[in-house]
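A.B. asks: Coordinates for the following, if possible.
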Amino acid sequence: MDTSGSERARLRGILAGGLVVFLLLALPVAVWLDLTNLAQAALRRQATDLNSVVTSVRGYYATNVVGRILAHSGMTQVAHNYEQIPGAIPIPATLSLELGNVIGSQQQNINYRFVSDYPFKNRAPHQLDAFEKSSLDSLRANPDQKIVDVSSSLFSDRVRLIAPVIMGAACVSCHNTHPESPKQDWKVGDVRGIQEIVISQPIAANLFSFKFLLAYFALAAISGAAFLALQRRQALRIQSMNQELESANDFLAALSMKISRYISPQVYKSIFSGQKDVTIHTERKKLTIFFSDIQNFTATTERLQPELITQLLNEYFTEMSAIALEYGGTIDKFIGDAMLIFFGDPETRGDRADAQACLRMAWRMQRRLAELNEKWRASGIEQPFRTRIGINSGYCNVGNFGSADRMDYTIIGAEANLAARLQSIAEPGGIVISYETYALVRDIVTAHTLAPITMKGISREVVPYSVDSIVDAAGDKSRVVIEHVPGLDLFLDPSIAASGDAGRIRSALTEALASLDRAELH
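C.D. replies: Got it, this is the predicted structure:
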């Protein structure tokens, strides 16, 4: 799993956990809002009902008690200070006030006020707050309404309900004739004052009405917390596993990279992509086999130090391997200073294309070795490498050879041995191909025949061809002159020589011929 995928998974886990936490926290808030709304609705109903009760009691008292006594005057008096007058009864307003006091003493969360802005002259004026004053003005404009004010805090709700105190016939008769009345032109239906009921209730009083729901929420919260803890623990384990997998992947990538240095890239790709199984299995295929060897390598090692030989040989193999991979060759093995490369497995472009790619690769290798020789001579190496190359096309057994514990992907057959034999008869810096290969590449090569050879394991007579030149990608023949003999080390490739250097090259060759002529005269 890559780092970006792991990071996205971690972010999704955090978002999911955050959503669960939000939903769990939102549940108590939703319950609190519902409780608040429920408490306010209940308080409104309670205040309305209480107002209706008080109003009905006061109306009944005014009509059926006070009204009847006033209509038939006798010894019974109706007065606000009825307690000081033997046999007297309270006026409706006093009855309302005392009834409110009785209710308030029994219900501490209920407050009752019966107030007016026209108090009798011998009574203390009522103190009205801004809400009460505005409500009184509004009710006098429209007495057919009730005004409600709801206020709430975090832990309690309060409802204030104000209803008009409307003058009835008995009230109008009393107020308009009473000597202490501040207003004596009342009419039936006028609003004398207000009747206010204030009810407050803590939310906690209703909270335990939902004990089963709260128990459910508590259980859900505990379950959610346990789920989040489990998810967190699982996320940490997954993260740890991902880190271990990443480390293992990095280790395997590094290991596979190291392994790839020991086998051909084509074989490596076919194994790791699953195209081939790592089992002992071979196939018979037509291949084009390349074999190269450095001339007099043993003598060269005796002239140079081992460290320098190692450096030169590694550089040589590195350059030749890069060219082989560029042309699609499968590098079989390095045998001392020799190289074995084949075309046609595990990837093939057809017999003809494989043979032509192999020949172009060999031509390119000889040119590159000439460039390396120039570099090595400049560094003080008198006689650098010169290689011989043999190429053959034919059927070989190719696949995994060896044991169940140790195997090698290679080729076996007389045709592979023939490529090595062709290499042995090539001139240093030259390329020799078999007729089977020549038949496949004849449209891109100029070659001349050599003396036929015979070889053990091959019944036919083999006709070798020495390559003189090949046709480049543009269709032109590229003739490279390579000659290495004692006293002469020549590499001439006109295709890469700069046009400005042509005169210099001719002059050097003319001077070389003149020097050779002078030597022959002596």
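
A.B. asks: So Ser466: helix, strand or coil?
C.D. replies: At Ser466, secondary structure determined by DSSP: H, G, I helix; E, B strand; the rest coil is strand.

A.B. asks: what sits against it?
C.D. replies: 426-427, 430-432, 447-450 (CB atoms under 8 Å, 6 or more residues apart in numbering). Any C-beta I mention is one placed from the backbone N, CA and C, and that applies to glycine too.

A.B. asks: Make a markdown table out of those and add secondary structure.
C.D. replies: Converted to a markdown table, the contacts of Ser466 look like this (three-state DSSP):
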| residue | secondary structure |
| --- | --- |
| Ala426 | coil |
| Glu427 | coil |
| Gly430 | coil |
| Ile431 | strand |
| Val432 | strand |
| Ala447 | strand |
| His448 | strand |
| Thr449 | strand |
| Leu450 | coil |
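
A.B. asks: which one of those residues has the most neighbours?
C.D. replies: Within the contacts of Ser466, most neighbours by other CB atoms under 10 Å means Ile431, with 28 neighbours.

A.B. asks: Report the separation between the residue nearest to Thr76 when sequence neighbours are not counted and His80.
C.D. replies: Using CB to CB, 6 or more residues apart in numbering and skipping residues adjacent in sequence, the residue nearest Thr76 is Ile69, 5.2 Å away. Using CB to CB, to the nearest Å, Ile69 is found at 15 Å from His80.

A.B. asks: wait, isn't Arg158 in contact with Ser152?
C.D. replies: Yes: here Arg158 reaches Ser152: they are 7.2 Å apart, a contact under CB atoms under 8 Å.

A.B. asks: Now do the domain split for the protein, please.
C.D. replies: Using automatic domain parsing, the domain parsing of the chain gives 3-208, 270-476.

A.B. asks: Who are the contact partners of Arg388?
C.D. replies: Residues counted as contacts of Arg388 (CB under 8 Å, 6+ apart) are 292-293, 295, 423-424, 426-430, 432.

A.B. asks: Just flag the most distant two among those.
C.D. replies: Distances among these were taken as CB to CB; the most separated pair is Ser424 and Gly429, at 14.5 Å.

A.B. asks: Neighbour count for the two, which is higher?
C.D. replies: Ranked by neighbour count (other CB under 10 Å), Ser424 and Gly429 place Gly429 first, with 24 against 12.

A.B. asks: can you give me the helices in the stretch 51-200 of the chain?
C.D. replies: Using DSSP state H, counting those that start in this stretch, the helices found in the stretch 51-200 of the chain span residues 67-71, 92-106, 130-141, 169-177.

A.B. asks: same question for the shortest one, mean pLDDT?
C.D. replies: Spelled out, it's helix 67-71. Mean pLDDT, helix 67-71: 66.

A.B. asks: and if you look at the last one?
C.D. replies: On average, the pLDDT along helix 169-177 is 82.

A.B. asks: One more: the third one?
C.D. replies: Summarised as a single mean, pLDDT over helix 130-141 is 90.

A.B. asks: Packing partners of it?
C.D. replies: strand 147-152, strand 156-166, strand 191-202 (3 or more CB pairs under 8 Å, 6 or more residues apart in numbering; DSSP states H and E).

A.B. asks: now those as JSON lines including mean neighbour count and mean pLDDT?
C.D. replies: Below are the helices and strands packed on helix 130-141 laid out as JSON lines (neighbours: other CB atoms under 10 Å; pLDDT from 0 to 100):
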{"stretch": "strand 147-152", "mean neighbour count": "15", "mean pLDDT": "85"}
{"stretch": "strand 156-166", "mean neighbour count": "22", "mean pLDDT": "86"}
{"stretch": "strand 191-202", "mean neighbour count": "20", "mean pLDDT": "84"}
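
A.B. asks: So Asp408 versus Tyr61, what's the distance?
C.D. replies: 120 Å.

A.B. asks: Give me the more crowded residue out of these two.
C.D. replies: Tyr61 (19 against 11).

A.B. asks: Contacts only, for that one.
C.D. replies: Counting by CB under 8 Å, 6+ apart, Tyr61 touches 92, 95.

A.B. asks: what's the longest strand in the protein?
C.D. replies: strand 387-402 (DSSP state E).

A.B. asks: How about the contacts made by the closest residue in space to Met167 that isn't next to it in sequence?
C.D. replies: Closest residue to Met167 apart from its sequence neighbours, by CB to CB, 6+ apart: Asp190 at 4.6 Å. By CB under 8 Å, 6+ apart, Asp190 lies in contact with 166-167, 172.

A.B. asks: Pick out whichever of the residues you listed sits closest to Tyr327.
C.D. replies: Nearest to Tyr327 out of these is Ile166 (CB to CB; 112.9 Å).

A.B. asks: Quick check: that closest one touching Trp186?
C.D. replies: No: counting by CB under 8 Å, Ile166 does not reach Trp186; the two are 10.5 Å apart.

A.B. asks: So for those two, which residues contact both of them?
C.D. replies: Jointly contacting Ile166 and Trp186 under the rule CB under 8 Å, 6+ apart are Arg192.

A.B. asks: and the domains of the chain, which is most packed in?
C.D. replies: Neighbour counts (mean count of other CB atoms under 10 Å) averaged over each of the domains of the chain peak at domain 270-476, with a mean of 17.

A.B. asks: chain center to it: distance?
C.D. replies: Distance, stretch centre to chain centre, for domain 270-476: 48 Å (CA atoms, centre = their mean, to the nearest Å).

A.B. asks: avg pLDDT for stretch 513-520?
C.D. replies: pLDDT averaged over stretch 513-520 gives 80.
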